[in-house]
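Student: Quick one, fold the following:
(chains A, B, C and D)
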There are 4 protein chains.
Amino acid sequence: MVNVGVIGATGYVGEELLRLLHAHNQVNVTCAVSKNFAGKNMGDVYSNFAVADDIPLSSGDYASIGKANDFVFLCLPHGQSIQAAPKLMDAGARVIDLSGDFRYEDTAIYEEWYGMTHTEKEKNDEAVYGLPEYFFEAIKNARLLANPGCYTTTSILALAPLLQNRLIEKNGIVIDAKSGVSGAGRKEQLAFSYCETADNFKAYSVIKHRHTSEIEEQLFRLCGNEITLLFTPHLLPVKRGILATIYAQLAPGVDAEKIATAYKKAYEKKPFAHILPTGALPELKQVVGSNNCVIGFDISERTGRVVIVSCTDNLIKGAAGQAIQNFNIMNGFDEAHALPRVAWYL
Amino acid sequence: MVNVGVIGATGYVGEELLRLLHAHNQVNVTCAVSKNFAGKNMGDVYSNFAVADDIPLSSGDYASIGKANDFVFLCLPHGQSIQAAPKLMDAGARVIDLSGDFRYEDTAIYEEWYGMTHTEKEKNDEAVYGLPEYFFEAIKNARLLANPGCYTTTSILALAPLLQNRLIEKNGIVIDAKSGVSGAGRKEQLAFSYCETADNFKAYSVIKHRHTSEIEEQLFRLCGNEITLLFTPHLLPVKRGILATIYAQLAPGVDAEKIATAYKKAYEKKPFAHILPTGALPELKQVVGSNNCVIGFDISERTGRVVIVSCTDNLIKGAAGQAIQNFNIMNGFDEAHALPRVAWYL
Amino acid sequence: MVNVGVIGATGYVGEELLRLLHAHNQVNVTCAVSKNFAGKNMGDVYSNFAVADDIPLSSGDYASIGKANDFVFLCLPHGQSIQAAPKLMDAGARVIDLSGDFRYEDTAIYEEWYGMTHTEKEKNDEAVYGLPEYFFEAIKNARLLANPGCYTTTSILALAPLLQNRLIEKNGIVIDAKSGVSGAGRKEQLAFSYCETADNFKAYSVIKHRHTSEIEEQLFRLCGNEITLLFTPHLLPVKRGILATIYAQLAPGVDAEKIATAYKKAYEKKPFAHILPTGALPELKQVVGSNNCVIGFDISERTGRVVIVSCTDNLIKGAAGQAIQNFNIMNGFDEAHALPRVAWYL
Amino acid sequence: MVNVGVIGATGYVGEELLRLLHAHNQVNVTCAVSKNFAGKNMGDVYSNFAVADDIPLSSGDYASIGKANDFVFLCLPHGQSIQAAPKLMDAGARVIDLSGDFRYEDTAIYEEWYGMTHTEKEKNDEAVYGLPEYFFEAIKNARLLANPGCYTTTSILALAPLLQNRLIEKNGIVIDAKSGVSGAGRKEQLAFSYCETADNFKAYSVIKHRHTSEIEEQLFRLCGNEITLLFTPHLLPVKRGILATIYAQLAPGVDAEKIATAYKKAYEKKPFAHILPTGALPELKQVVGSNNCVIGFDISERTGRVVIVSCTDNLIKGAAGQAIQNFNIMNGFDEAHALPRVAWYL
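Tutor: Reported below is the predicted structural model:
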């Protein structure tokens, strides 16, 4: 059994992580930390825990948590992880951080897009970007794992095989992404209230969403070309799920078969990245509740473009599920262990 | 043209009132008051006003508003109306109050259920309860009109004809009511956030909801018997609409025809209270977007009970629409003037 | 490993059953039968299966299915199970039937409420009603297991402890129930289309819903008194979940403590029936995605009544999950094995 | 008063048209034709009409309808309008057709994208494309008015000013559009059932949606350049509303001000086309329930692109409302008469 601490347990990602860990038979959750609800139980904050096996919420200092646990998951906002992670690591724990704080190789990009000074550049050098489909080997021994963003995971898995194989032009890529409301976290904010969100739909953070820079840096790492793309997120009136519709110019001579082959080669041995037959496109139902990323594409010959649709559950493959997938790899377990493979559909 | 002020313009009821008044050709809205957004325009707070004929939001003191307007609508929380109404009346305006502050003949009931001292008993004596189907004549000359609650309107219109005609037992009535989320107002509160409300359903304020006492007092006034009933509200994952399912013991010898006759007699000349054929029951779609209250019923012979279903749009017949209906009556206009008669359906 | 067949695999209950069985490590699904989709794969009909471990759909005759399997789950409409079950049993399989065909001890009640002649009275005598909280011992050795209805499970678990202990009057009970749309099955029917259902709410089958008779017969079995109650279902604009609000007259001298004690005694050792502290009431979120039934109550002293709220996921504890719970018992496994204990919340 | 017939009254567009015409004081609806429901009343098919001023549904032959009415609205599927319109016109009526049958100047495009032979080329020559913001004068005297498609209206109003002023490149335009479910019409189809649509999101008709060709032909007419663009529709889990996110390459030297100026010039005198301040983007709430099209944009300097967001209510500005706007123009009424200017918001 692996001793595990969860910090930031009462946000939506924390809750999802605890729900998934509940089904993981190699994990012993020793502490669930919540600044706001310390002293209460998880079931006081999320009614679904009240009747099962409830979990006490604590405050607790990072040094002792780091000492008592083999692994600590950080479900904190960026800017807080950067303070917590070093203390936990120095106390001996391996850290899986779900914020943006350690996702960038080049901290200057972080500083520009997050508007903060990066105060832990040394620890950052050690961080491993936790996208298992591409960095499996590095993940194994990571002490500090930077779990990718939700939009990022959905976008990179769709684009990397085509860019790596030079099947699409690197310029002019457009990602039109749509996310469920849980992506905004658990907030007392009018913009995310039921009457403002239900039956509504809108774009947000147009032109300047932070995940733009994360997608670009990772695609650069994976493909060796600098990519400047346009990423537009929208808020869907659903709780969970991301669907990204991606447009790119085909390179000369590229047809559907070449694209299908590239995807197949990239993902046929990956348990959670799936490519559909040419012309078939995924829907949220196909992924919500599972750790899958499902990708489909079609070719527009009239315009010389490929349209790619990529879907994930933002709380699972886009956050807590991928964190557990990384945890499994870091422990030498089967990377799919205890992770849901069949989406809920209903 | 009637000069009209709206105080509390940026809550959901205020917004709905301004939207409906926009279509009323006898009304000149001279001021829209919002404590929180004074200085901005309505379109800054509600995007639907940004592109039509925007309305400036002001603070403004009650004395001058009361002087400048023939009518003032108060869309304030209870406890605030009780302070505003007297000042407006003393300055010469007739007041239509949409809070609970002046709805009770017996202020002791108000004090018990609202947990406040009623500081305006004299003005309260003058208040007219604005349910047009029953108090049309009194409404005409009211200086202070207490607009009924949403659950109350829906429940009283369903029960009054049966109680008045002694067709049901006065004891043992159960009202199981379900309301859309806009009934809670525009609040930055976790309980009404999208992720907490969508796909969810729950009862709230069980046993002790304030509208219980308002329903009971009005039924007592209308029927001459003291009624003690059980009222249970639930929160529906929809924006608008109330559906109340009401259970009552039939009086001896009562059949469907007698019930249908009582309803018909009560409402056949009322433009916004409608009774469906026996066995047909209304749905939210039938009322949302309109000022209608639609009622249906069926008889359970096995248990000797009648099941009544009554529906309204909580923001229209349950609030802003009924306020305009009262306004029309107070001005000698057709009571249905400028009020939507056909629900949206979609 | 237990060999299992699923007949009626492509309805919503069949799909949910296959999804849950996918996580059950003692089960080998040898065949999934679908009259309409035989020859295709499950993933062609439900996209969530397309990327995981897809399942071929067959037609297949009952005799050979009954021979090849230890257990067969019947997810067929009533009227079809009555024909399939005997053939499967005669071929040697134990049958878990999710329809209403074998749920009644007194087939005359079935015939009256379902409007059909019961043609398998002998097999019916052998059937065991599969409510594990009350019939655990009988379930163990059942050859034909009649899995209870969704509304029925939700209602009986709430009422039985109070009726058995004579804490409420047996007359005048009202069950006001609200169900998600998946309860209607997978149908090409206008009434269940998105635009007709979303943002809507309505009662249906008022006075005459079949589950009324199932609830009454089981309560009679459990409590020894004939019960005639009023059951009103409503259609909620959610996919999953049932919430029943139940009203009953308290017996003389009964208080909250006596009720709490009765519930506690009944359910404290049951893994999936839960009672909340007095005054706390469950919500759909607390159960959807899990096999739990959660019950809360409050006392209305003004009216001498108890209000009970009971929640289940109609597809899990109300159908597929309870079927697996029964399957576990029939095999001597832990009854909770492979069943979700923590609801999704999001 | 203008005598008006509505054919295809019981589809969603027909229903919306009757609802809006109910508020139009210059219209006398003489007949509402429904092949499937002739003999019933509108209120039997749409409960919202049952309690207001119900409308009888008839079959009725086209010749006599054409003779008895000044105007006939055709809310029929394409392929049926092409047969009905000539008969109605020959009988003397002016026709407003809401299908795609007469929308193309070049019937070869229609034949290619709709897969049908165009059998009424002469009548087609006479047809006027009813986009009032661009073809006001021609609309006035039209005998056959082809009401634009919903996606088309939303897209053309966003793109035309920029293409006419050469502010964006004509190649590489991408329209990523999202529509509510009512756009699919009232259909007994599994794909549009509640459980399949709610909480889901997907692309459909990718690469080959018919509105692509309608957008391209109209932009060619308006701008003089052949445009080949990529249009991807998606199905939103909402009843009403279209939001199109449009991506285009800026022409050299173009900045936000030039774009704002072009929009302002195009629409400042148009009652239903609105441009927001630079950087502000519309949401569905801002248009649903109204006849408005609201457009916003922002500039991505990093990629040299403009992102335009355009919103309409697909049933109003995208169908029935625009039809009434055209009707008003054809009758010499104020084009905004009786059309909702303030969206519902809630």
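Student: okay, now the closest residue to A:Thr107 other than its chain neighbours: neighbour count?
Tutor: Closest residue to A:Thr107 apart from its sequence neighbours, by Cβ to Cβ, 6 or more residues apart in numbering or on different chains: A:His118 at 4.0 Å. All C-beta spots, glycine's among them, are computed from the backbone N, C-alpha and C. If you count neighbours by other Cβ atoms under 10 Å in any protein chain shown, A:His118 ends up with 18.
Student: so what's A:His118 up against?
Tutor: Residues in contact with A:His118 (Cβ atoms under 8 Å, 6 or more residues apart in numbering or on different chains) are A:82, A:101, A:107, A:110-111, A:124.
Student: I'd guess it is in a strand, am I close?
Tutor: No - assignment of A:His118 by DSSP: H, G, I helix; E, B strand; the rest coil gives coil, placing it outside any strand.
Student: what about the nearest residue to A:Leu144 once chain neighbours are set aside, neighbour count?
Tutor: Excluding the flanking residues, the one nearest A:Leu144 by Cβ to Cβ, 6+ apart is A:Ala127, at 4.5 Å. The tally of other residues near A:Ala127 (other Cβ under 10 Å) stands at 21.
Student: Please identify the residues of chain A in proximity to chain C?
Tutor: Counting by Cβ under 8 Å from any Cβ of the partner chain, chain A comes close to chain C at A:12, A:15-16, A:19, A:22, A:46-53, A:182, A:199, A:239-240, A:274, A:276, A:282-283, A:285-287, A:289-290, A:292, A:294, A:315, A:341-346.
Student: Report the contact partners of the residue nearest to A:Ile7 when sequence neighbours are not counted.
Tutor: In space, and not counting its chain neighbours, A:Ile7 is closest to A:Val33: 4.4 Å by Cβ to Cβ, 6+ apart. Contact analysis of A:Val33 by Cβ under 8 Å, 6+ apart lists A:5-9, A:57-60, A:65.
Student: Also A:Ala158?
Tutor: A:244, A:246, A:295, A:308, A:310.
Student: For chain D, give me its nearest residue in the stretch 51-200 of chain A.
Tutor: Closest residue of the stretch 51-200 of chain A to chain D, Cβ to the nearest Cβ: A:Asp176 (4.2 Å).
Student: The strand or helix carrying that residue near chain B at all?
Tutor: If you go by DSSP states H and E, A:Asp176 is part of strand A:174-179. No - Strand A:174-179 lies apart from chain B when judged by Cβ under 8 Å from any Cβ; the minimum separation is 12.2 Å.
Student: follow-up on the earlier one: show the pLDDT at the residue nearest to A:Thr107.
Tutor: Predicted confidence (pLDDT) for A:His118: 97.
Student: element containing the residue in chain A sticking out farthest from the centre?
Tutor: Farthest-out residue of chain A from its mean C-alpha position, per Cα atoms, centre = their mean: A:Arg302, at 34.4 Å. Assessed by DSSP H and E, A:Arg302 sits outside every helix and strand.
Student: Ramachandran angles for it?
Tutor: Backbone geometry at A:Arg302, expressed as degrees, to the nearest 10, gives phi -60, psi -30.
Student: number of nearby residues for the closest residue to A:Ile299 other than its chain neighbours?
Tutor: Spatial nearest neighbour of A:Ile299, chain neighbours left out: A:Ala256 (5.1 Å); criterion: Cβ to Cβ, 6+ apart. Applying other Cβ under 10 Å, we find 16 other residues in the vicinity of A:Ala256.
Student: what residues does chain A put near chain B?
Tutor: A:12, A:181-182, A:186-190, A:192-199, A:237-239.
Student: 10 Å - rerun?
Tutor: Within chain A, the positions lying close to chain B (Cβ under 10 Å from any Cβ of the partner chain) are A:12, A:47, A:180-200, A:202, A:235, A:237-240.
Student: circling back: now the residue nearest to A:Leu144: how far from chain C?
Tutor: Going from A:Ala127 to chain C by Cβ to the nearest Cβ, to the nearest Å gives 28 Å.
Student: residues touching that residue, list them.
Tutor: A:85, A:95, A:97, A:101-105, A:120, A:142-146 (Cβ atoms under 10 Å, 6 or more residues apart in numbering or on different chains).
Student: next one: A:His337
Tutor: So A:His337 contacts A:23-27, A:324-325, A:327-329, A:331 (Cβ under 10 Å, 6+ apart).
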